[in-house]
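*Asks:* Pasted the sequence and its predicted model underneath.
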Amino acid sequence: MLALAPLIALAVIAAAALALRAAQSRQRAQLVGRVVEPQVGGPAILFFSGATCTVCHTAQRPALDRLAPALDGLVEVREVDVAEEPGLARRFKVMSLPTTVVVDAEGRARAVNAGFAPAPVLQRQLVEAGLLPA
Amino acid sequence: MGTVPFDRSVLKVSQVILMTGLIVGYLVSLARPLAAVALPVFAVMMLHAAAVPSSSLPRRLYLRWLKPRGLVRPRVVVEDPAPHRFATLVGGVFLAAASLVALAGLSLAAWTLGWIVVALAFLNFAFDLCVGCIMYAQLVRLGVLPLRRSAA
């Protein structure tokens, strides 16, 4: 029986990962199309990060830097440290880092990405939301 | 207080000690159940490292032996060490719980908890995916933990 311990541990971790994924899907469903942050001030990508989030620094920020020329001043990228602005992270129901949210000028969430979002995905979401020309 | 220079190699050394010790303990316990003593031993190591990071066993091993001999290279980053300290505490609490469960004679449950710690340590070691740090960020976000920056 004891030999099963690693397998059970693996199953527990897999179940937790699936539960997190389901929660992230619910987060998307609850947010997309709703005005979450009316004072955002214009179309933006909110990039939720944290000091200890390695993926934020090594992958997500470079992806946003690559995307910057395509934004052409039409969409602002705003980085939000969840520890510094817990209220904003709470309103956007951020559960994992990085999380990126495409927000229109009215503060309506148009797309939510839990985890790393490549530059082409973000660009497509901005075009689909009508915030960037096709 | 802001972020501080923080040597992540201390964490890596701690994770290697933890994974090796627990896996060896588990393998031995398949034949000799008394090897479950590894669970409280590493619980104490983790809880001590969380309470007094400056004098933890992995840190002393790293600073006195591994770093001077060039066996482990420093990997200094500027960040808040508090989430890592919290993650260490979570690992220690899991192993303390595993120790109590083992004392109650539930070896399978005890080693399942031990293997969860091994798996999480591996994720952190191999992929820099610190689940305890994610928990810390969530607890700060929910207002359960205060936003507090402290030195390691």
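*Replies:* Nice, thanks for sending it over. Numbers count the residues shown, from 1 in each chain, chains lettered A, B, ... in the order given.

*Asks:* Ramachandran coordinates for A:E76?
*Replies:* Phi and psi for A:E76, reported as degrees, to the nearest 10, are phi -90, psi 140.

*Asks:* Quick check: closest non-adjacent residue to it.
*Replies:* A:A44 (4.5 Å; C-beta to C-beta, 6 or more residues apart in numbering or on different chains). For the C-beta atoms, the positions are set from N, CA and C on the backbone; glycine is no exception.

*Asks:* Quick check: pLDDT value at the spatially most central residue of chain B.
*Replies:* With distances taken as C-alpha atoms, centre = their mean, B:T88 lies nearest the centre of chain B, 4.1 Å away. At B:T88, the model reports a pLDDT of 96.

*Asks:* Next: B:M1.
*Replies:* 38.

*Asks:* what about the strands in the chain?
*Replies:* Answering for chain A, as no chain was given. Taking DSSP state E as the criterion, chain A carries its strands at A:44-49, A:76-81, A:99-103, A:109-114.

*Asks:* Correction: the question concerned chain B.
*Replies:* Under DSSP E, chain B gives strands at B:4-7, B:76-79.

*Asks:* To chain A, which of these lies closest?
*Replies:* strand B:76-79 (4.6 Å; C-beta to the nearest C-beta).

*Asks:* Residues contacting the closest one, please?
*Replies:* Strand B:76-79 has contacts (C-beta atoms under 8 Å, 6 or more residues apart in numbering or on different chains) with A:A51, A:T52, B:T3, B:V4, B:P5, B:F6, B:D7, B:R8.

*Asks:* how about the fifth one, what does it touch?
*Replies:* Applying C-beta under 8 Å, 6+ apart, we find B:P5 in contact with B:V76, B:V77, B:V78.

*Asks:* For those residues, pick the one with the most neighbours.
*Replies:* Highest neighbour count within the contacts of B:P5: B:V77, with 15 neighbours (other C-beta atoms under 10 Å in any protein chain shown).

*Asks:* so that residue bridges to which residues?
*Replies:* Per DSSP bridges, residues listed as beta-bridge partners of B:V77: B:F6.

*Asks:* how close does it get to B:L71?
*Replies:* From B:V77 across to B:L71, the span is 20 Å (C-beta to C-beta, to the nearest Å).
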